[in-house]
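>>> just coords:
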């Protein structure tokens, strides 16, 4: 039977529960106080004045600033999601290849693109495309897409490799026993199960890609944050403009997360595999297994003890 950390500790008594409730209540009061103080400071600076919020009731505000901004964000994010998943799958397979040379090349690329900040990658591709393209106006868009693709492709490659390596050894042994080659076993047996196993983390990565499009503001890409700042500069209401942009980001991220979960559910139904609801902490799992080993005696010892009695 599996154990959890709470199985090895006593339930808190009345005094401990009372202290916990007091600390929780104090924390809630402090949090509400901080929110009230921030609201008071914003109101004192006139951030809740009607003239700062009435521009959002105008149709031109949305057609000129926020709708083109969110469309630019979705356009860059959609291409980056497609390209990064393709690149991540390729690099992940390279990390799992039988050839040592291919594994080294794949591992080097993954570690390099994971180590370089996304903004640095965007700047590099922006200046590269600005010098290479006939129409330099497209350089910001491709700079954002390529920067997000390289970084998130490396992260997805690690997810793919980790998902396959987490499978029991019997999966690959079964494929080899059926006469499959290592490559066929990887493609037909291990990869589908590994991708399903890492689906929750891959869904979270899609949201990261969408949010990171905001970095395109630094290379003048017309995404949501860029349009919000331009609107705030025109109407002198930066905080309301950023607040509206944040709400739009939250709504789009929620929709993207729900769509990804629906896709994950359909994929699980089609393959017959189930993704875990939550990825465990390997260090915690190791600690629990060691604690189980220390506490639970082997069966042969139990049998010997019964025989002695």
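Happy to help now that I have it. From a predicted model like this one, the values you see are computed outputs, not experimental measurements.
>>> what about the strand or helix carrying residue 17, distance to the chain center?
Assigning secondary structure by DSSP states H and E places residue 17 in helix 14-44. Helix 14-44 has its C-alpha centroid displaced from the chain centroid by 30 Å (C-alpha atoms, centre = their mean, to the nearest Å).
>>> tell me the confidence at residue 285?
If you check residue 285, the pLDDT there is 44.
>>> returning to what we had before: can you give me the buried ones in the helix holding residue 17?
Within helix 14-44, no residue is scored as buried using 16 or more other C-beta atoms under 10 Å. From N, CA and C alone the C-beta is placed, and that goes for glycine too.
>>> which strands or helices does it pack on?
On a contact count with 3 or more C-beta pairs under 8 Å, 6 or more residues apart in numbering; DSSP states H and E, helix 14-44 meets no helix or strand.
>>> quick check: phi and psi at the spatially closest residue to residue 175 that is not a sequence neighbour.
Using C-beta to C-beta, 6 or more residues apart in numbering and skipping residues adjacent in sequence, the residue nearest residue 175 is residue 185, 3.2 Å away. Dihedral pair for residue 185: phi -60, psi -40, per degrees, to the nearest 10.
>>> now residue 185: how far from residue 14?
As defined by C-beta to C-beta, to the nearest Å, residue 185 lies at a distance of 58 Å from residue 14.
>>> likewise residue 33?
Distance, residue 33 to residue 14, by C-beta to C-beta: 29 Å.
>>> coming back round to it: burial count for the residue nearest to residue 175?
Applying other C-beta atoms under 10 Å, we find 19 residues neighbouring residue 185.
>>> how about residue 209?
Neighbours around residue 209, by other C-beta under 10 Å: 24.
>>> got a list of what it touches?
Residues counted as contacts of residue 209 (C-beta atoms under 8 Å, 6 or more residues apart in numbering) are 77, 80-81, 84, 148, 152.
>>> could I get the buried residue list for the helix or strand hosting it?
For residue 209, the host element (DSSP H and E) is helix 199-212. Neighbour counts over helix 199-212 (16+ other C-beta under 10 Å) mark 199-203, 205-207, 209-210, 212 as buried.
>>> same question, stretch 91-106
Buried residues in stretch 91-106, counted by 16+ other C-beta under 10 Å: 91-97, 106.
>>> residues touching that stretch, excluding its own?
By C-beta under 8 Å, 6+ apart, the list of residues contacting stretch 91-106 from outside reads 107, 109-110, 153-154, 156-161, 164-165, 182-183, 186, 190-191.
>>> out of the buried residues of helix 199-212, which comes closest to residue 21?
residue 200 (32.7 Å; C-beta to C-beta).
>>> does residue 48 count as helix, strand or coil?
Look at residue 48: counting by DSSP: H, G, I helix; E, B strand; the rest coil, its state is coil.
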